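**Student:** give me coordinates for this.
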Amino acid sequence: MLIIYLFALVYPACMFWAAASDLATMTIPNRLTAGLAFAFLPVGFMLHLGLQNWELHIGLGAAGLAIGLALFACKLMGGGDAKLIAAASLWLGLDGFVALLISTAIAGGILSLALIVARRFFWTLAPKLPAWLGRHLDPKGDIPYGIAICAGGLAAISQSDLWPLLRP
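**Tutor:** Below you'll find the model as predicted:
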């Protein structure tokens, strides 16, 4: 029963924490991504993953990190975003990984368009808003992509190969 709570609470809680942190501070703490990655270990052991599944999940985590680092190198996302994608990828399996990437891209597009519109029409409100919120209306500001990764990661849970193993 504990395993259900780890998957059902820890993974989403970390994803929401990352989104909230990115929104408020434009950073995703290293302790969060490390904690999310290390929390996968007891889940894998409690689910009795075989060697092949361990290799798959670790390989997908490495693939997520490679994709994130490539996007970071192209200045399309921050380092915290890259690490969050890698940590989330550990939990999802192949179908979930693909769902994470697609859902994150869609959520990121929607978030980017919303910020472009908000920056175009509401930038004059920035000085009247709390600093953490006003900074998002800066026309040259960055995009808190952790929000999109959170949305993509949550949307991908049902595609995870771990999901069927959690049912009693």
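**Student:** going by C-alpha atoms from here, please, whenever you check contacts or count neighbours.
**Tutor:** OK.
**Student:** tell me the phi and psi of the most far-flung residue of the chain relative to its centre?
**Tutor:** The outermost residue of the chain relative to its centre, with distances by CA atoms, centre = their mean, is residue 124 at 30.7 Å. The phi and psi values for residue 124, taken as degrees, to the nearest 10, are phi -70, psi -20.
**Student:** for the chain, give me the ranges with low pLDDT.
**Tutor:** Residues of the chain meeting the criterion pLDDT under 70: 1-8, 165-168.
**Student:** re earlier: what about the residue farthest from the centre of the chain, distance to residue 163?
**Tutor:** Between residue 124 and residue 163 the computed distance is 46 Å (CA to CA, to the nearest Å).
**Student:** equivalent analysis for residue 122, please.
**Tutor:** Using CA to CA, we find residue 122 at a distance of 42 Å from residue 163.
**Student:** enumerate every residue touching the residue most central in space within the chain.
**Tutor:** Geometric centre of the chain, nearest residue: residue 149, 3.4 Å, by CA atoms, centre = their mean. The contact partners of residue 149, by CA atoms under 8 Å, 6 or more residues apart in numbering, come to 15, 19, 81, 84, 85, 100, 104, 107, 108.
**Student:** tell me which of those fall in helices.
**Tutor:** Using DSSP state H, the subset of the contacts of residue 149 located in helices is 15, 19, 81, 84, 85, 100, 104, 107, 108.
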